[in-house]
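Visitor: the following block contains a protein sequence and its predicted model.
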Amino acid sequence: MIAIILAQTIAITGGTVFPVSGPRIEYGTVLIRDGVIAAVGTNVAVPNGAQRIDARGKIVTPGLINAFTQLGLTEVDLAPGTVESSVRSDVAAAFNVAEGINPASTLIPVTRIEGITSALVAPVDSFIAGQSVFIDLTDGPIEQLVVKSPVAMHVTLDEAAKRAGGGSRAGVAERLRRILRDAQAYGQRRSDYERRQMRDLAAPAADLEALQSVLAGRIPLVVTAHRVSDMRTALRIAREFNLRLVLAGAAEGWQIADEIARANVPVLVEPLANIPSFNALGARYENPARLAAAGVKVALVAGAGPGGTAHNARIVKQEAGNAVAYGMDWDAALRAVTLGPAEILGVADRYGSLEPGRVANVVVWSGDPLEFSTAVEHVIIRGREIPLTSRQSELLERYRTLPPRY
């Protein structure tokens, strides 16, 4: 349930509007009422008393979505007391990050003033890490931030998970299959399990219960994998258990882009991830462009997954700009940080485009939103304009004028 706080009637007029779900609109108006988009077009009547935002010469888009972050779960990477993104268990399917999110995190304002209005917040650092949630970067208690919980289950199949399989990738794959088979058996024989009339299963009951939504296809299984062989393992397991698979990372995805497309599997990818490692020797900047050209549904992310940092969640527009620089179509890149992730995460009926009835998450930009030098001029979340202030901007103002030195 989305809470609309201090909803306003706002008319953004005269700008170049990119609805994403349709063609651009020159000199368009976006009318916002009661926290949702009421109308979009060139002949929209603006009611008396509406707050007007003059967007002439500006670009208007949906708020950006970063589809893999640890926002609110990590404040200082090297300070364990500020990190809430994992629990000490290889199998933590029942772990949902929602109540570990700190709505007062200083990184939330830092991120939203860069035009990111929504994010997936995910667990990391475990083989089966747990459940993610989809949030708006608004103010208030966690109940007001959360849009959908859970939104996905997260698994790691790259070299970081090898210890969960006894030190071998093959062991990791075998263990995941065993847990999924036991989750199927548990779902069919709960009463037998409770009467102790079943053998010991591969995971606690709470984790097996949490996996029922994955097995039923209600939420996707997001698998972090970079190497071609790891991605193919994920594709095989998804076929065997008829799972809704999403690949995250996929640094070598360009090498098997056609296979991923044929399997109808979306990918969450970081365009700037191109440093080769034994986990991804084939990493390259053209990865998103080649995946998209093959017909893969791509969402561009920043600061994602194990080894990522919540501080970089704000640079998703920079990631999208670099994807364009390395061959991705501009419209496809904008979609990959708006409607694309909304579709992948199952919230496209409310998010990711500028259409009547959608949640009013809207950004007004000084120019091309995928250009590094473009500034955010207005951010609206759930129909409420958000002040463009953060800890960094406050520090800038505090020290803009230094006291004299004697």
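Guide: Nice, thanks for sending it over. Numbering: from 1, shown residues only.

Visitor: distance between the ends of stretch 181-194?
Guide: With C-alpha to C-alpha, to the nearest Å applied, stretch 181-194 spans 18 Å between its terminal residues.

Visitor: what's around residue 60, how many residues?
Guide: 29 (other C-beta atoms under 10 Å). (C-beta placed from N, C-alpha, C; glycine too.)

Visitor: work out the gap between the host helix or strand of it and the centre of the chain.
Guide: Assigned by DSSP states H and E, residue 60 belongs to strand 59-62. Between the centre of strand 59-62 and the centre of its chain there are 19 Å (C-alpha atoms, centre = their mean, to the nearest Å).

Visitor: tell me which strands and helices it is in contact with?
Guide: strand 10-17, strand 362-365 (3 or more C-beta pairs under 8 Å, 6 or more residues apart in numbering; DSSP states H and E).

Visitor: can you show me the CA trace of the longest one as PDB?
Guide: I take that to be strand 10-17. Provided in PDB are the C-alpha atoms of strand 10-17 (Å, rounded to 0.1, in the frame of the first residue of the first chain):
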ATOM      1  CA  ILE A  10       1.300  20.300  -9.900                       C
ATOM      2  CA  ALA A  11       1.500  21.200 -13.600                       C
ATOM      3  CA  ILE A  12       4.900  20.800 -15.300                       C
ATOM      4  CA  THR A  13       4.500  22.800 -18.500                       C
ATOM      5  CA  GLY A  14       6.300  23.500 -21.700                       C
ATOM      6  CA  GLY A  15       9.000  20.800 -21.500                       C
ATOM      7  CA  THR A  16      10.000  18.000 -23.800                       C
ATOM      8  CA  VAL A  17       8.300  15.100 -22.100                       C
END
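
Visitor: contacts for that strand?
Guide: 24-32, 40, 44, 46-47, 50-61, 354, 360, 362, 364, 378, 380, 383, 385 (C-beta atoms under 8 Å, 6 or more residues apart in numbering).

Visitor: after that strand comes which helix or strand?
Guide: Past strand 10-17, the next helix or strand by DSSP H and E is strand 25-33.

Visitor: what's the answer for the shortest one, then?
Guide: Counting by DSSP H and E, the element after strand 362-365 in chain order, helix or strand, is strand 376-381.

Visitor: where exactly do the strands run in the stretch 1-150 of the chain?
Guide: Assigned by DSSP state E, counting those that start in this stretch, the strands in the stretch 1-150 of the chain fall at 10-17, 25-33, 36-41, 51-54, 59-62, 64-69, 116-121, 128-136, 146-156.

Visitor: who does the fifth one pair up with?
Guide: Its sheet considered, strand 59-62 pairs with strand 10-17 (parallel), strand 362-365 (antiparallel) by DSSP bridges.

Visitor: pick the most deeply packed of these.
Guide: Greatest average neighbour count among the strands paired with strand 59-62 goes to strand 362-365 (a mean of 25), per mean count of other C-beta atoms under 10 Å.

Visitor: residue 269: which of the strands of the stretch 1-150 of the chain is closest?
Guide: strand 64-69 (9.5 Å; C-beta to C-beta).

Visitor: and that closest one with strand 116-121, angle?
Guide: 20 degrees (axes from the mean of the first three to the mean of the last three C-alpha atoms, to 10 degrees).

Visitor: okay, the angle between strand 64-69 and strand 146-156?
Guide: 40 degrees.
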